[in-house]
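[1] Okay, here's the prediction I keep looking at, along with the sequence it came from:
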Amino acid sequence: MNNRAVGRFLIACGTLLLLAAVSLVVYNLHRSSSAEKASKEKAELIRQYINSNVSTESESSPTNQKEPSNPQEPALSQPEYEPEAESSEPLADEALELDGEFYIGLLAIPALGLELPVIRDYSLEKMDIAVCRYMGSLEGGDMIICGHNFSCFFSDLYRLQPGDEIIFTNIKGQKIYYTVGWQELISGWATGDMPAGSDSWDLTLFTCTWNSRSRVTVRAVRNE
């Protein structure tokens, strides 16, 4: 093979690599855009459900209870929720079913301008819709939440500083406040390190780095 043929071959390889890189960027941008749209839709539905549920409980209290104007008229149906009995771990947190997925609440990170719905169970497919409970529970004080490093999810997680606030609102409308304690980088292969030290933190958020070799991990402590 002469030098000219080698040059053409190298140019062709470079072009193919460039096209592959561009295709990957476009694909990731599409995934991120779809995830942002789905996340916002579900967050709004969860907020509506929580607001409706809290309002209904207030109106049905003994001091404010009213008879319906038409007893024969069926009540408006609410989205169903059910205890997480089928989960691999015993969880007290309740979940709201939306489009076949179960959501346990909203995760707010004011410093990053985020409010995200949280899916009860983890899988790679579910992570394209919202952030997910990786393991643990709110009641147990060992909840771990994972999310893709999309711009609409956890891409800026590394920016959180000790003292920043995290708020989790469960399906019943109860708000649980946390304070960021510290941040650490955990190897993608050290899966046993993610739940480690749960006696010193109450909530963990993590996402992968751009090369997926490590996990940006934020530990937070529940406010008393």
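    Looks like it came in fine.

[2] Please make it C-alpha for all contacts and neighbour counts, starting now.
    Will do.

[3] pLDDT value on the residue lying closest to residue 194 once chain neighbours are set aside, please?
    Computed as CA to CA, 6 or more residues apart in numbering, the closest residue to residue 194 that is not its neighbour in sequence is residue 186, at 7.3 Å. What the model reports as pLDDT for residue 186 is 95.

[4] Kindly report the same for residue 217.
    Looking at residue 217, its pLDDT stands at 97.

[5] Can you report how many residues neighbour the residue nearest to residue 194?
    Neighbour count of residue 186, defined by other CA atoms under 10 Å: 18.

[6] and whichever strand or helix holds it, which residues are buried?
    Under the criterion DSSP states H and E, the helix or strand holding residue 186 is strand 175-187. Across strand 175-187, burial judged by 16 or more other CA atoms under 10 Å covers 177, 178, 179, 180, 181, 182, 183, 185, 186, 187.

[7] What are the neighbouring residues in contact with the nearest residue to the second one once chain neighbours are set aside?
    If I follow you right, that is residue 178. On the basis of CA to CA, 6+ apart, the spatially nearest residue to residue 178 that is not a chain neighbour turns out to be residue 222, at 4.2 Å. With contacts defined as CA atoms under 8 Å, 6 or more residues apart in numbering, the neighbours of residue 222 are 176, 177, 178, 179, 201, 202, 203.

[8] List the neighbouring strands of the strand holding residue 186 plus their orientation.
    strand 165-170 (antiparallel), strand 214-222 (antiparallel) (DSSP bridges).
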